[in-house]
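Asks: Sequence unavailable; structure follows:
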């Protein structure tokens with residue numbers, strides 16, 4: 001007689017992302033990508049964690065497209081029986097080895113909280129979906145060696161080298177996790193391929209964002225001032241602060257200190273995970289203060305109420321203005337060259353004004369100032385003349 005629980009075959013096929021309990025410690029885990037797998041949570045009799053509490057452990061039972069609901073229930077029951085006898089299912093169960101895709105989906109879900117935004121997580125799993133899953137996705141994770149990894153990397157190694165490099169890192173991460181869970185043994189094949197220099201050496205020329213000469217910036221800025229679009233105001237603020245697109249578009253009013261005239265971009269929105277202070281000049285305040293009347297959560301509100309401008313808004317503005325060969329990020333380079341050639345700012349001040357880390361780890365451990373006061377003085381002295389000449 002089949003075991004029963006909260007889930008049905010139809011639910012298993014249609015439930016959305018999350019962890020869905022069937023009862024008795026059995027769960028269906030649905031990844032944002034749609035991948036589905038079974039896990040069972042048991043308490044092994046007599047085993048304790050570091051705090052002395054009963055040790056709860058999750059064990060994978062396989063993908064839901066391979067392991068049926070009844071099979072998952074049977075395996076969960078087997079695991080619970082072993083746990084009650086004091087036997088760790090990891091070492092005593094006759095289990096199936098998961099596929100590479102199963103483990104990759106699990107790693108992706110586990111690491112989602114560590115990424116700054118969903119886009120990074122999507123890029124991680126999508127690169128494996130495009131380059132690895134078609135070739136090794138259905139293979140048991142313990143049967144993947146150097147030839148299988150080479151099948152994934154060789155077709156894109158020279159033509160899409162940066163993508164191939166990232167795919168290799170992600171395959172390595174999946175196989176490392178599989179080994180840590182007892183599904184593999186021996187050296188990681190990605191490491192072996194790298195150390196043996198099997199793949200051809202590829203010389204990659206760095207690709208820089210297209211930029212505008214600082215000498216052309218004043219005329220461009222004056223042209224921007226004639227436009228009323230919110231994207232134009234955001235772009236002017238971006239030019240003056242030397243900030244990244246996401247940093248500007250995500251600004252909320254509480255980030256501004258009107259008394260001290262400082263904008264503090266919180267660490268969670270910074271690439272380097274450190275809060276960044278920017279002195280607010282008269283020109284910057286002239287841009288943002290009128291926007292308070294909109295009473296939006298975001299300083300640079302988009303077409304939807306209390307939502308910021310879209311990431312492409314400023315770039316699309318450039319194209320509508322007929323400004324070709326320039327990117328929004330490229331204005332950071334414009335700013336950096338100007339700080340050296342015109343403002344004559346010290347290198348450390350110029351780099352920190354762009355929120356770049358300066359010096360070695362040891363040097364930064366001692367030089368903890370962000371040089372804000374020097375930065376504020378230089379900005380007040382130079383910005384007006386250069387952008388409004």
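Replies: That came through fine. In this text, all values refer to a predicted model and were calculated from it rather than measured experimentally.

Asks: Show the contacting residues for residue 139.
Replies: 99-100, 148 (CB atoms under 8 Å, 6 or more residues apart in numbering). Every C-beta, even on glycine, is put in place using the N, C-alpha and C of the backbone.

Asks: Now tabulate these in JSON lines and tack on distance to residue 351, pLDDT and secondary structure.
Replies: Formatted as JSON lines, the contacts of residue 139 follow (distance: CB to CB, whole Å; pLDDT from 0 to 100; DSSP: H, G, I helix; E, B strand; the rest coil):
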{"residue": "99", "distance to residue 351": "46", "pLDDT": "91", "secondary structure": "strand"}
{"residue": "100", "distance to residue 351": "42", "pLDDT": "94", "secondary structure": "helix"}
{"residue": "148", "distance to residue 351": "43", "pLDDT": "93", "secondary structure": "helix"}
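
Asks: pLDDT on stretch 164-180, on average?
Replies: Averaged across stretch 164-180, the pLDDT comes to 93.

Asks: Now find how far off-centre it is within its chain.
Replies: 17 Å (CA atoms, centre = their mean, to the nearest Å).

Asks: Could you do stretch 157-165 as well?
Replies: 20 Å.

Asks: which residues are contacting it?
Replies: By CB under 8 Å, 6+ apart, stretch 157-165 touches 127, 131, 153, 156, 199-200, 202, 204.

Asks: Between its first and last residues, how far does it reach?
Replies: Start-to-end span of stretch 157-165 (CA to CA, to the nearest Å) is 8 Å.

Asks: quick one on the thing from earlier: between the contacts of residue 139, identify the one with the most neighbours.
Replies: Counting neighbours by other CB atoms under 10 Å, the top entry in the contacts of residue 139 is residue 100, with 26 neighbours.

Asks: How much space separates that residue from residue 120?
Replies: Between residue 100 and residue 120 the distance, using CB to CB, to the nearest Å, works out to 21 Å.

Asks: Residue 331 too?
Replies: In terms of CB to CB, residue 331 sits 24 Å off from residue 120.

Asks: So between these two, which is more surrounded?
Replies: residue 331 (26 against 12).

Asks: Surely that one touches residue 239?
Replies: Yes - between residue 331 and residue 239 there is a contact under CB atoms under 8 Å: 5.2 Å.

Asks: can you list residues touching both of those two?
Replies: residue 217.

Asks: So which other helices or strands are in contact with the strand or helix carrying residue 352?
Replies: Using DSSP states H and E, residue 352 sits within helix 347-353. The contact analysis (3 or more CB pairs under 8 Å, 6 or more residues apart in numbering; DSSP states H and E) places helix 347-353 against helix 330-341, helix 372-387.

Asks: Buried residues, that helix. List them.
Replies: Neighbour counts using 16 or more other CB atoms under 10 Å place 348-353 of helix 347-353 among the buried residues.

Asks: And those residues, which is closest to residue 295?
Replies: residue 353 (30.9 Å; CB to CB).

Asks: what's the pLDDT at the closest one?
Replies: 80.

Asks: So it is in contact with residue 240, correct?
Replies: No - judged on CB under 8 Å, residue 353 makes no contact with residue 240 at a distance of 11.3 Å.
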